[in-house]
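> kindly return the folded structure for what I paste below:
(one chain, ligands or ions: 1)
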Amino acid sequence: MTKPEIAKLGYISLVTQDLEKSLVFFKEVIGLEETQVVDGVYYLRAWGDFEHHTLSLQQGEYGHVKYIGWRTKEKKDVAAFKDLLENEGMDVETIAPWSTPGIGEAIRFKVPSGHTFELYYDVQKPKASEHRKSVLKNQTYKAWAKGISPRRIDHVNLHTSEDWQVTYKFFQEILGFKLREYLKVDEGEQILAGWMSVTPLVHDVALVTRKKNEIPTNARLHHLSYWLDDSQDVLRAADICKEYNLPICGPGKHSISQALYLYVADPGSGCTVEIFTGGYLIFEPDWEPIAWKESERAQGNTYWGDSISAKEIVKYTIEA
Ligand SMILES: [Fe+2]
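Okay, here's the model as predicted:
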């Protein structure tokens with residue numbers, strides 16, 4: 001039997017302690033479109049996203065991420081992943097079809113990093129309303145309606161204090177992510193951070209190892225990221241953030257992934273959003289992961305521009 005496969009990042013389910021602020025941030029500043037509101041949960045997506053939502057927001061006592069959803073390549077992969085994970089001794093919950101709006105039958109489980117993942121295949125791809133839909137057949141909404149206006153979801157960056165060997169083995173061998181670039185200790189094999197993907201992107205997920213005393217729980221979402229088409233759009237995004245008096249980190253360029261970045265935090269939930277463009281794609285089937293040493297960490301993070309030292313953006317992180 002062939003191994004089940006993940007196709008892409010689907011959505012992040014976020015809880016915010018100030019829903020009103022988060023809605024202003026994600027709808028007006030970032031510029032996401034609202035597809036549906038059900039039982040107090042707001043489902044949002046970017047103008048170029050095709051699926052029902054790429055972000056959900058709901059009120060809670062504190063800001064945290066509930067679930068991170070990944071779409072499988074085929075429908076049968078959902079059941080096959082359930083078998084695979086249960087064979088590994090993991091608890092796997094089955095989520096009834098469409099109990100999450102826009103999402104068919106899903107499985108939910110906690111990965112060794114401590115984050116809760118959902119895997120699903122069936123989705124709804126609602127069309128935009130008549131006055132908002134694009135004239136392009138291959139685009140969901142008219143672009144540039146408001147705010148930063150990213151095209152699509154891009155990636156998530158997860159931090160964990162769990163054992164690096166266990167987490168990297170699980171992400172690669174069970175979930176099928178390919179390691180594209182990584183940061184390791186100068187002497188020895190220990191991996192400190194890995195950029196992994198199931199697509200030609202350098203990363204759909206970045207996994208960063210943190211010491212237990214560095215993060216409040218064993219797992220947190222460091223940031224989620226939306227994609228812009230052009231570097232000029234990142235500069236425009238910086239202006240828009242400043243108009244709303246939001247602190248920014250960047251613009252700058254990563255050496256790892258070679259992408260341009262701008263970080264800004266949602267004042268409601270505390271969740272950091274990375275505005276992202278550029279970078280390179282990987283098409284080689286025999287890609288050799290690129291190694292960076294710990295002594296090269298600053299250079300790997302920032303090729304040029306506003307540096308993203310952990311100290312500067314740590315206040316923006318959110319518990320998982
Ligand atoms: Fe990122």
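
> and residue 94, how many neighbours?
Close neighbours of residue 94, defined as other C-beta atoms under 10 Å, add up to 12. C-betas here are computed from N, CA, C, even on glycine.

> hang on, it packs against residue 107?
Yes. Look at residue 94 against residue 107 with C-beta atoms under 8 Å: they come within range, at 5.8 Å.

> joint contacts of the two?
Applying C-beta atoms under 8 Å, 6 or more residues apart in numbering, one finds that residue 94 and residue 107 are jointly contacted by residue 82.

> tell me which other helices or strands the helix or strand hosting residue 35 touches.
Per DSSP states H and E: residue 35 is located in strand 33-38. Judged by 3 or more C-beta pairs under 8 Å, 6 or more residues apart in numbering; DSSP states H and E, the packing partners of strand 33-38 are strand 41-45.

> remind me what the helix or strand just after the strand it packs on packs against, helices and strands.
Counting by DSSP H and E, the next helix or strand C-terminal to strand 41-45 is strand 55-59. Packed against strand 55-59 by the contact rule (3+ C-beta pairs under 8 Å, 6+ apart) you find strand 6-16, helix 19-23, strand 41-45.

> now with 10 Å, please.
strand 6-16, helix 19-23, strand 33-38, strand 41-45, strand 64-72 (3 or more C-beta pairs under 10 Å, 6 or more residues apart in numbering; DSSP states H and E).

> okay, now the sheet partners of that strand, with direction.
strand 6-16 (parallel), strand 41-45 (antiparallel) (DSSP bridges).

> now the angle between strand 33-38 and that strand, please.
50 degrees (axes from the mean of the first three to the mean of the last three C-alpha atoms, to 10 degrees).

> now do the buried residues in strand 55-59.
55-58 (16 or more other C-beta atoms under 10 Å).

> then stretch 274-293?
Under 16+ other C-beta under 10 Å, the buried positions of stretch 274-293 are 274-279, 290, 292.

> likewise stretch 10-30?
In stretch 10-30, counting by 16+ other C-beta under 10 Å, buried: 10-16, 18-19, 22-27, 29-30.

> got the CA positions of that stretch in CSV?
In CSV, the C-alpha atoms belonging to stretch 10-30 read as follows (Å, rounded to 0.1, in the frame of the first residue of the first chain):
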residue,chain,number,x,y,z
GLY,A,10,-5.2,24.3,4.8
TYR,A,11,-6.1,26.5,7.7
ILE,A,12,-5.3,27.8,11.2
SER,A,13,-8.0,27.8,13.8
LEU,A,14,-7.3,30.7,16.2
VAL,A,15,-8.8,31.7,19.5
THR,A,16,-8.5,35.4,20.4
GLN,A,17,-9.1,37.2,23.7
ASP,A,18,-10.4,40.2,21.8
LEU,A,19,-12.4,39.1,18.8
GLU,A,20,-13.4,42.6,17.8
LYS,A,21,-9.8,43.7,17.5
SER,A,22,-8.8,40.5,15.7
LEU,A,23,-11.6,41.0,13.2
VAL,A,24,-10.5,44.5,12.4
PHE,A,25,-6.9,43.3,12.1
PHE,A,26,-7.5,40.3,9.9
LYS,A,27,-10.3,41.9,7.8
GLU,A,28,-9.3,45.5,7.5
VAL,A,29,-5.5,45.6,8.0
ILE,A,30,-4.6,42.2,6.5
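
> follow-up on the earlier one: got the strands paired with strand 55-59 as CSV, with distance to the ion columns?
As requested, these are exported to CSV (distance: least, C-beta to the ion, whole Å):
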stretch, distance to the ion
strand 6-16, 12
strand 41-45, 19
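
> could I get those as JSON lines with mean pLDDT and distance to residue 265?
Shown next, in JSON lines, are the strands paired with strand 55-59 (pLDDT from 0 to 100; distance: least, C-beta to C-beta, whole Å):
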{"stretch": "strand 6-16", "mean pLDDT": "98", "distance to residue 265": "12"}
{"stretch": "strand 41-45", "mean pLDDT": "98", "distance to residue 265": "17"}
